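Trainee: Any chance you can model this:
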Amino acid sequence: MIEIQYYRKSNFEIDYFAKIKDNPPMFHSKISIPSYALGVGKFDVNWESGGGINHVCKNLLYQLMRK
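Mentor: You can find the predicted model right below:
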């Protein structure tokens, strides 16, 4: 599940809007990283919602290699 919130700059209070009106748009995101993906460039971002057989296999291999 991905949650996206959009705020128009004009919806902010007048004082704050005066400070940010010339700033470019910003993008913020938070994604949980599975333990086996630390130091790896790519992983399935949907791993928390089951992740399929790939997640199970990678997690098992990570647990075995860690011991």
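Trainee: Now tell me which helix or strand of the chain has the poorest mean pLDDT.
Mentor: For the chain, the helix or strand with the lowest mean confidence is helix 52-66, at a mean of 82 (criterion: mean pLDDT, DSSP states H and E).
Trainee: in it, what's buried?
Mentor: Counting neighbours by 16 or more other Cβ atoms under 10 Å, one finds that the buried residues in helix 52-66 are H55, K58, N59. Backbone N, C-alpha and C define where each C-beta goes, glycine included.
Trainee: Mind putting the residues you listed into a markdown table with distance to P25?
Mentor: Output for those, formatted as a markdown table (distance: Cβ to Cβ, whole Å):
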| residue | distance to P25 |
| --- | --- |
| H55 | 33 |
| K58 | 35 |
| N59 | 36 |
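Trainee: what's the closest of those residues to G41?
Mentor: Distances from the buried residues of helix 52-66 to G41 were compared by Cβ to Cβ; the smallest belongs to K58, at 14.0 Å.
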